[in-house]
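[1] what's the 3D shape of this:
(one chain, ligands or ions: 1)
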Amino acid sequence: MSGLAVVGTQWGDEGKGKFVDLLAPRFHTVVRYGGGHNAGHTVVVGGRTIVLHILPSAVLHPGVQAIVGNGCVVDPAALFSELDLLEEAGLDPAADLLLSDRAHIILPVHRLVEAGEESRLGDRRIGTTRRGIGPAYEDKAGRRGLRVGDLRHPEHRDERLAHLMSERGRQLGWEAGRLEREIGAARDLLDAFAARMLPRVVDTSLVVHRAIEAGRPVLFEGAQASLLDLDHGTYPFVTSSTAVAAGAAVGAGVGPRAIGRVLGVAKAYQTRVGEGPMPTEMPPAMNQRIQRIGNEYGASTGRPRRCAWFDSVVLRYSRRVNGLDELAITKLDVLDGLDEVRVGVCYRLDGERLDEFPGAFGALSRCEPEYRTLPGWSRPTAGVTRLEDLPKEARAYLAALEELVEVPVSLAATGPDRGSFLTRLDTPVTRFTAPA
Ligand code: IMP
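    Numbering: from 1, shown residues only. Predicted coordinates for the structure are as follows:
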């Protein structure tokens with residue numbers, strides 16, 4: 001196995017960071033292939049909680065080549081504050097960090113545009129993270145975007161910046177003086193970005209390609225998740241990048257055959273931040289209980305996450321659009337102590353049974369889930385590291401997920417810290433988690 005893609009299979013916040021952090025030391029190179037600082041990867045190291053937003057989790061592992069790929073959008077100020085925080089924690093994140101010269105830059109104007117749009121939309125808002133992600137990708141697709149590599153060529157950069165800013169300035173109704181001031185401020189920001197980061201800016205596709213050619217293992221780190229994917233997610237309540245596994249090839253600059261295996265990460269239940277339908281959403285009391293026990297508040301924005309039962313219709317869809325080989329289940333311990341646990345098995349729409357996830361918002365928002373109800377477990381799974389030590393009901397729960405999704409569950413997390421996980425099958429991925 002040379003290339004492993006790790007993807008979120010639900011609506012994000014599945015705990016991908018925990019498994020990427022676990023697997024990263026066994027890999028030569030780890031590439032983030034999409035999104036920006038809308039992501040929040042929480043990793044607990046030695047009792048200290050570290051939240052990464054744009055940086056790949058590999059920056060916590062000296063000697064692993066950590067790459068922000070061309071599919072990402074980078075906010076200079078957000079990147080700086082993340083690097084500063086890590087340095088304060090005694091880590092040297094820049095040592096093995098490279099930034100793609102093709103990644104696009106998020107400017108303050110992107111946040112302004114987005115804040116205005118979301119406010120104007122009122123009840124129809126997307127519920128974005130308001131980080132300027134969508135407008136930055138719009139400018140990329142609209143061919144107005146500014147790329148990290150443009151910083152090397154100041155004249156070209158200034159010309160591109162003026163073009164982008166005047167287009168966005170027109171949309172925001174700026175008069176000439178305001179436009180001048182905003183361009184000046186953006187130029188200062190880009191100067192600081194260039195001074196600090198240019199030595200780390202390269203053609204990262206070439207770096208990944210060479211690692212693969214040399215037979216070195218490469219991990220493609222997904223951000224956001226399949227149901228937030230621009231094409232395959234619950235459009236329009238999605239992010240603006242390609243979160244599914246195929247995005248790893250485009251967003252890292254390699255051919256699809258570089259992705260040897262796909263590991264899907266799923267919570268033992270489900271959560272969603274922002275607007276949009278989620279058929280197995282829990283009633284309020286259970287929702288609040290899981291929110292509290294699972295600490296379900298956005299790592300990037302602090303917003304409470306909506307909680308739902310594990311939905312095998314979603315996961316089967318995710319298996320299809322990602323080509324999942326294996327599943328890693330996180331937060332099993334959050335379900336400890338429930339009398340019973342539920343798993344969505346299919347939907348009902350206008351009296352008809354639906355086994356496949358519907359593409360249309362109009363259909364999905366009217367789907368009623370049908371459940372399989374399983375007995376809960378009173379003995380805690382928290383911190384359990386051996387399958388045989390799990391309560392038999394928790395094992396039955398994992399077996400039910402496996403049967404309904406038709407993908408083997410190879411890893412399960414039973415707590416937030418690095419050591420709290422168990423491996424279930426002897427698969428290529430679990431072999432990577434074995435002691436060196
Ligand atoms: P955007 O990515 O900020 O444009 O937000 C679009 C949608 O994706 C909103 O519903 C966000 O809450 C959601 N979203 C974006 N990134 C994440 C993430 O890392 N975890 C969970 N939800 C996310």
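[2] on the three-state scheme, residue 199 is what?
    Under the three-state scheme (DSSP: H, G, I helix; E, B strand; the rest coil), residue 199 adopts helix.
[3] and it, how many neighbours?
    Around residue 199 there are 11 other residues, counting by other C-beta atoms under 10 Å. C-beta coordinates here come from the backbone N, C-alpha and C atoms, glycine included.
[4] distance check, it against residue 316.
    Going from residue 199 to residue 316 by C-beta to C-beta, to the nearest Å gives 46 Å.
[5] tell me how far residue 87 lies from the ligand.
    From residue 87 across to the ligand, the span is 24 Å (C-beta to the nearest ligand atom, to the nearest Å).
[6] that residue: neighbour count?
    As a burial measure, the neighbour count of residue 87 was computed by other C-beta under 10 Å and equals 12.
[7] checking my notes, it in a strand, right?
    No: using three-state DSSP, the assignment for residue 87 is helix, not a strand.
[8] quick one: contacts for it?
    Applying C-beta atoms under 8 Å, 6 or more residues apart in numbering, we find residue 87 in contact with residue 93.
[9] 10 Å - rerun?
    Residue 87 is in contact with 93-94, counting by C-beta atoms under 10 Å, 6 or more residues apart in numbering.
[10] got a pLDDT number for it?
    Residue 87 carries a pLDDT score of 86 in this model.
[11] ok, it to residue 3 distance?
    Here the distance between residue 87 and residue 3 works out to 31 Å (C-beta to C-beta).
[12] neighbours of the closest residue to the ligand within the stretch 251-400 of the chain, just the number please.
    Nearest residue of the stretch 251-400 of the chain to the ligand, counting by C-beta to the nearest ligand atom: residue 274, 2.2 Å away. Using other C-beta under 10 Å, residue 274 is surrounded by 20 other residues.
[13] so it makes contact with residue 225?
    No: at 11.9 Å, residue 274 and residue 225 do not qualify as touching, with contact defined as C-beta atoms under 10 Å.
[14] what residues are shared contacts of those two?
    Once C-beta under 10 Å, 6+ apart is applied, the residues that residue 274 and residue 225 both contact turn out to be 11-12, 238-239.
[15] out of those residues, which is most surrounded?
    With neighbours defined as other C-beta under 10 Å, the most crowded of the shared contacts of residue 274 and residue 225 is residue 12; it has 30 neighbours.
[16] now do stretch 195-208: distance to the chain's middle.
    For stretch 195-208, the separation from the chain centroid amounts to 22 Å (computed by C-alpha atoms, centre = their mean, to the nearest Å).
[17] flag every residue of the protein that's near the ligand.
    12-13, 38-40, 126-129, 131, 133-134, 224, 228, 237, 239-240, 273-274 (C-beta under 6 Å from any ligand atom).
[18] so which of these sit within helices?
    When helices are assigned by DSSP state H, the members of these inside them are 133-134.
[19] and the residues of the chain next to the ligand, which are buried?
    The neighbour-count criterion (16 or more other C-beta atoms under 10 Å) marks 12-13, 38-40, 126, 128-129, 131, 133-134, 224, 228, 237, 239-240, 273-274 among those as buried.
[20] any idea which of the shared contacts of residue 274 and residue 225 is closest to residue 219?
    Within the set of the shared contacts of residue 274 and residue 225, residue 12 lies nearest residue 219; the separation is 18.8 Å, counting by C-beta to C-beta.
[21] in contact with the closest one, which residues?
    If you count contacts by C-beta under 10 Å, 6+ apart, residue 12 has them with 35, 38-40, 222-228, 233, 239, 243, 267, 271-274, 298-300, 305.
[22] for it, which non-adjacent residue is closest in space?
    residue 225 (4.3 Å; C-beta to C-beta, 6 or more residues apart in numbering).
[23] correct me if wrong: that neighbour contacts residue 239.
    Yes: distance between residue 225 and residue 239: 8.8 Å, which falls inside the contact criterion (C-beta under 10 Å).
[24] what residues are shared contacts of the two?
    With the criterion set as C-beta under 10 Å, 6+ apart, the overlap between the contacts of residue 225 and residue 239 is 12, 35, 39, 233.
[25] how about these in TSV, adding pLDDT and distance to residue 55?
    What follows is the shared contacts of residue 225 and residue 239, written out as TSV (pLDDT from 0 to 100; distance: C-beta to C-beta, whole Å):
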residue	pLDDT	distance to residue 55
12	94	17
35	97	12
39	91	10
233	96	24
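[26] greatest separation within these: which pair is it?
    When C-beta to C-beta is used, the two most widely separated members of the shared contacts of residue 225 and residue 239 are 39 and 233, lying 14.6 Å apart.
[27] and this protein, what are its domains?
    Partitioning the chain according to automatic domain parsing yields domains covering residues 3-101+201-261, 105-197, 265-432.
[28] longest strand in the chain, please.
    For the chain, the strand reaching the highest residue count under DSSP state E is reported as strand 340-349.
[29] in that strand, what's buried?
    Buried positions in strand 340-349, judged by neighbour count with 16+ other C-beta under 10 Å: 341-347.
[30] residue 179: helix or strand, and which one exactly?
    Here residue 179 is covered by helix 176-197, with elements defined by DSSP states H and E.
[31] now that helix: how far from the chain's centre is it?
    Once both centres are worked out by C-alpha atoms, centre = their mean, helix 176-197 turns out to sit 29 Å from its chain's centre.
[32] which residues are in contact with residue 394?
    In this structure, residue 394 makes contact with 268, 332-333, 335-336, 341, 374-377, 379-381, 384, 387, 412, 414, judged by C-beta under 10 Å, 6+ apart.
[33] recalculate using a threshold of 6 Å.
    The contact partners of residue 394, taken as C-beta atoms under 6 Å, 6 or more residues apart in numbering, are 377, 381.
[34] same thing with the one 10 residues further on?
    When contacts are counted by C-beta under 6 Å, 6+ apart, residue 404 is found next to residue 312.
[35] mind redoing it with 7 Å?
    Residues in contact with residue 404 (C-beta atoms under 7 Å, 6 or more residues apart in numbering) are 312, 343, 345.
[36] what do you get for residue 196?
    Contacts were defined as C-beta under 7 Å, 6+ apart; by that measure residue 196 touches residue 80.
[37] try 10 Å this time
    Counting by C-beta under 10 Å, 6+ apart, residue 196 touches 76, 79-80, 83, 94.
[38] with residue 251 instead?
    Taking C-beta under 10 Å, 6+ apart as the definition of contact, the neighbours of residue 251 are 31-35, 69-72, 100, 102-103, 205, 220-223, 241-243.
[39] likewise residue 241?
    Residues touching residue 241, when contacts are defined by C-beta under 10 Å, 6+ apart, comprise 33-36, 38-39, 71-73, 133-134, 136-137, 140, 222-224, 228-230, 247, 250-251.
[40] thanks a lot, see you next time.
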